[in-house]
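**Student:** Fold the following.
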Amino acid sequence: GTRALCLIAGDVFALALSAYELAKLAEPPHTFRLPMDGPEWHTLREDRLPPMSSPLFSAKYEAAVKLCLAPAPLTARPGAHDFLQLFSTNRAAGDSQLQAEAISAQVDALTATATATATAEAAKIQVSAPTAADSV
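**Tutor:** Below is the predicted model of the structure:
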């Protein structure tokens with residue numbers, strides 16, 4: 001149900017924060033730490049990530065992290081399986097360009113799937129929402 005979707009969305013958010021922290025730690029002086037609270041934390045929660053400038057992580061990696069940190073958990077974040085697909089490596093190809101193109105295609109597909117799923121879930125929630133007459 002909706003509770004399970006919220007838990008998965010929270011897990012995806014937490015994993016994406018770890019992926020973001022990993023990318024930021026690769027930047028000199030290699031001392032980045034995620035904020036615990038305050039304005040910097042809310043910046044991350046509101047999908048206003050400072051750019052990742054490490055040459056070790058591509059723009060597609062950054063796009064995948066941003067997708068997983070979307071502020072609307074049920075409408076824009078991928079599920080756990082899709083998260084793994086976004087961040088898995090293509091060891092057989094060994095070609096970073098092919099991998100980047102594959103991740104780009106996955107991000108596009110997951111964005112479309114997440115939007116469709118969210119629309120369907122929103123429709124279910126609206127149908128099952130209690131009315132004033134239900135509580136009498």
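**Student:** can you list the weak-confidence ranges in the protein?
**Tutor:** Scanning the chain for pLDDT under 70 picks out 89-136.
**Student:** so where do the helices sit in it?
**Tutor:** Assigned by DSSP state H, the helices in the chain fall at 2-25, 38-45, 59-68, 73-76, 80-87, 96-128.
**Student:** Mind giving me the packing neighbours of the third one?
**Tutor:** So the one you mean is helix 59-68. helix 2-25, helix 80-87, helix 96-128 (3 or more CB pairs under 8 Å, 6 or more residues apart in numbering; DSSP states H and E). From N, CA and C alone the C-beta is placed, and that goes for glycine too.
**Student:** likewise the fourth one?
**Tutor:** Judged by 3+ CB pairs under 8 Å, 6+ apart, helix 73-76 is in contact with helix 2-25, helix 96-128.
**Student:** So which bits of it are buried?
**Tutor:** 73-74, 76 (16 or more other CB atoms under 10 Å).
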